[in-house]
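> Okay, sequence plus prediction incoming.
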Amino acid sequence: MTSNDSTNKLTKWRPPPGFAPVASALEGVQVYAPAPEKIEPEQRRFKCPRCGASTAYSASDAALSCAHCGYDETPDAPVVGRQAGEAEFTVETMDQAARGWGQTRREIHCESCGADLSLAPGDLAATCPFCASHRVIARDETRVHVLRPGYLIPFQVDAQGGARQLRDWLARGWMHPPGLRRAAASTHLNGVYLPFWIFSARLDTSWQAEVGRKRTRTTWDGKRKTEIKWKQKSGRLNVRVNDMLTPGTSKVNARLLKRLYPFDLSALTVYTPAYLAGWQAQAYDVSLRPAWDEARAWMREQAKDASHRAIDAKYVRNFGMTADLEDEGWRYALLPVYLAAYRFGNKSYQVMVNGQSGQVSGQKPVAWLRVWSALVALLLPGLFLGLLGGLLPVDAGGCIMMIGIITLLAGMALAWRVLRQALAVDDA
């Protein structure tokens with residue numbers, strides 16, 4: 001057979017039916033594999049078997065409940081906790097994963113912040129819980145082919161309990177406007193299942209560094225000299241990171257979301273659409289790969305910190321480290337969060353409540369007039385005593401001036417602390 005015949009056969013070759021191209025590790029080589037089956041989203045509605053009305057999951061009853069006849073049904077899904085199975089980072093895993101929510105749902109799209117929020121059938125929403133905008137459009141579900149969650153933590157705090165926690169939090173603190181109490185009364189909480197990627201991995205870590213030890217010696221002329229003696233050292237350790245949460249949404253303030261931690265992952269339950277009945281949910285807009293890149297960088301920082309702890313020395317220089325990740329695994333889960341956005345003045349503020357623990361996190365405006373008045377009140381006594389001491393005779397004035405200086409220094413320390421706290425709240 002000539003080379004031309006071989007070339008013609010290669011150019012005419014076609015993959016068998018049912019095969020599709022997949023990623024190849026060798027440049028210039030095309031690899032084919034059986035094409036994944038097209039997975040159609042399940043269509044499922046939750047109706048009361050007794051009266052036919054729609055049922056919704058009740059956080060207080062931990063069951064699907066009918067508001068019309070009182071029928072209750074516990075979802076048939078096991079609690080697996082931290083033993084929840086992990087998926088590998090393989091093409092086969094992604095191809096075989098289920099898609100969609102597993103039930104018929106609607107969604108709203110916010111034209112202001114771009115958020116897409118999945119709604120239970122029959123639910124309506126006129127306000128975006130992420131930015132408090134009223135520019136929302138209701139439409140059919142568009143993200144039916146995203147990965148289906150494998151697990152979730154059901155809501156354990158009901159809407160009334162979450163609203164009570166939020167009102168108490170908004171009314172707390174002297175450096176905020178008193179009008180926040182009215183905002184608390186009118187703020188509506190939306191129970192939303194937010195997407196999270198949960199990562200685990202083992203890092204085989206090797207480090208090397210110059211480690212210094214301080215020593216003191218006596219020189220030839222009798223003087224004592226302190227110096228640092230450097231010595232090359234190296235070590236190896238395994239760092240295990242389990243159950244690292246990485247948000248799968250970019251529509252929520254990441255710093256505020258982390259203040260809701262921890263979630264008790266021992267309550268992880270196998271996903272079933274029954275838990276979403278009557279609740280809102282958001283599909284991930286931060287996909288697996290960028291979330292894993294973020295988690296991997298954080299894991300390497302944990303390995304670096306562990307290496308420094310292993311060195312256990314005050315003086316370290318020329319530190320170097322390699323960390324190879326092994327046994328990587330991921331889970332896609334929904335975690336319960338109450339979201340609300342309220343407007344105060346001309347600004348929008350975001351608040352949230354952990355739907356499992358009741359922990360509150362959010363943004364509150366600062367009443368700067370109150371803050372500046374407090375700063376003046378803290379500094380004024382010291383300034384007054386110092387000025388008074390300067391006007392009195394030396395014998396009596398010196399003592400009062402010293403008290404004034406001490407009082408002023410204490411006032412400055414407290415004022416700096418108050419100012420930092422106000423700046424941190426304003427920057428949240």
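Done, it's in.
> Every contact and neighbour count from this point should use C-alpha atoms.
Noted.
> Wait, residue 267 touches residue 155, no?
No. Contact between residue 267 and residue 155 fails when scored by C-alpha atoms under 8 Å: they sit 10.4 Å apart.
> the more surrounded of those two?
In this view residue 267 and residue 155 are compared by other C-alpha atoms under 10 Å, and residue 155 has more residues nearby, 26 against 17.
> Name the SS class of that one, please.
coil (DSSP: H, G, I helix; E, B strand; the rest coil).
> same question, residue 192
Counting by three-state DSSP, the backbone at residue 192 sits in strand.
> again with the one 3 residues further on
Residue 195 carries the three-state label strand when classified by three-state DSSP.
> Can you tell me who residue 237 pairs with across the strands?
residue 205 (DSSP bridges).
> Show me what counts as buried in stretch 169-182.
Within stretch 169-182, the residues scored as buried using 16 or more other C-alpha atoms under 10 Å are 169, 170, 171, 175, 176, 177, 180, 181.
> ugh, typo on my part, it should be stretch 411-419
Neighbour-count burial for stretch 411-419 flags 411, 412, 414, 415, 418, 419 (criterion: 16+ other C-alpha under 10 Å).
> Where helices are concerned, which of those residues count?
Residues of these located in helices (DSSP state H): 411, 412, 414, 415, 418, 419.
> The closest residue to the second one other than its chain neighbours: neighbouring residues, count only.
Spatially, and ignoring its direct neighbours in sequence, residue 412 is nearest to residue 379 (6.3 Å; C-alpha to C-alpha, 6 or more residues apart in numbering). For residue 379, the number of neighbouring residues by other C-alpha under 10 Å comes to 19.
> which stretches of the stretch 151-300 of the chain form strands?
151-152, 190-218, 224-247, 269-270, 280-281 (DSSP state E, counting those that start in this stretch).
> Show me the contact partners of the last one.
I take that to be strand 280-281. 117, 118, 119, 120, 190, 191, 192, 193, 194 (C-alpha atoms under 8 Å, 6 or more residues apart in numbering).
> how about a cut-off of 10 Å?
101, 105-107, 116-120, 123, 125, 190-195, 334-338 (C-alpha atoms under 10 Å, 6 or more residues apart in numbering).
> in the stretch 151-300 of the chain, which segments are predicted with low confidence?
183-185 (pLDDT under 70).
> Per the annotation, how does the chain divide into domains?
With domains defined by automatic domain parsing, the chain comprises 76-200+239-295+328-362, 368-426.
> any idea which of those domains is most buried?
domain 76-200+239-295+328-362 (a mean of 18; mean count of other C-alpha atoms under 10 Å).
> Please state the offset of it from the chain centre?
Chain-centre distance of domain 76-200+239-295+328-362: 10 Å, with C-alpha atoms, centre = their mean, to the nearest Å.
> circling back to that earlier point, which residues do residue 267 and residue 155 both contact?
Contacts common to residue 267 and residue 155, judged by C-alpha under 10 Å, 6+ apart, are residue 356.
> mind checking how far the residue nearest to residue 230 when sequence neighbours are not counted is from residue 232?
Once flanking residues are discounted, residue 230 sits nearest to residue 212: 4.3 Å by C-alpha to C-alpha, 6+ apart. Distance of residue 212 to residue 232, computed by C-alpha to C-alpha, to the nearest Å: 9 Å.
> Of those two, which one has the most company?
residue 212 (17 against 12).
> So that one is in contact with residue 317, correct?
Yes. Taking contacts as C-alpha atoms under 10 Å, residue 212 lies within contact range of residue 317: 8.1 Å.
> Mind listing the shared neighbours of those two?
Common neighbours of residue 212 and residue 317, counting by C-alpha under 10 Å, 6+ apart, are 230, 232.
> Any stretches of the stretch 1-150 of the chain with poor pLDDT?
In the stretch 1-150 of the chain the weaker segments, taking pLDDT under 70 as the threshold, are 1-46, 91-92, 95-96, 103-104, 120-126, 132, 134, 138-144.
> if we go to 80?
The model of the stretch 1-150 of the chain has pLDDT under 80 over residues 1-56, 67-68, 70-71, 76, 88-109, 111-145.
> now the helices for it?
Remark: helices assigned in the stretch 1-150 of the chain by DSSP state H, counting those that start in this stretch are 3-12, 91-96.
> now the stretch 301-428 of the chain
Using DSSP H, counting those that start in this stretch, helices in the stretch 301-428 of the chain cover 368-391, 394-426.
> Which of the ones you listed sits closest to residue 77?
Between residue 77 and the helices of the stretch 301-428 of the chain, the tightest spacing by C-alpha to C-alpha is seen for helix 394-426, at 40.8 Å.
> just the angle between that closest one and helix 368-391, please?
Orientation check (axes from the mean of the first three to the mean of the last three C-alpha atoms, to 10 degrees): helix 394-426 against helix 368-391 gives 170 degrees.
> I figured residue 93 was touching residue 87, is that so?
Yes. Here residue 93 lies in contact with residue 87, judged by C-alpha under 10 Å, at a distance of 6.9 Å.
> circling back to that earlier point, between the buried residues of stretch 411-419, which sits nearest residue 70?
Within those, the smallest distance to residue 70 is 51.6 Å, found for residue 418 (C-alpha to C-alpha).
> and that closest one, what pLDDT?
Predicted confidence (pLDDT) for residue 418: 88.
> got the contact list for it?
Contacts of residue 418 by C-alpha under 10 Å, 6+ apart are 175, 371, 372, 374, 375, 378, 412, 424.
> Show me which of these is closest to residue 135.
For the contacts of residue 418, with residue 135 as the reference and C-alpha to C-alpha as the criterion, the closest is residue 424, at 30.6 Å.
> Next, work out how far apart residue 174 and residue 410 are.
21 Å.
> Would you state the strands of the stretch 1-150 of the chain in chain order?
Along the stretch 1-150 of the chain, counting by DSSP E, counting those that start in this stretch, strands occupy 19-22, 31-34, 56-58, 63-65, 72-73, 106-110, 116-119, 136-140.
> what comes up buried for the fourth one?
It refers to strand 63-65. By 16+ other C-alpha under 10 Å, the buried positions in strand 63-65 come out as 63, 64, 65.
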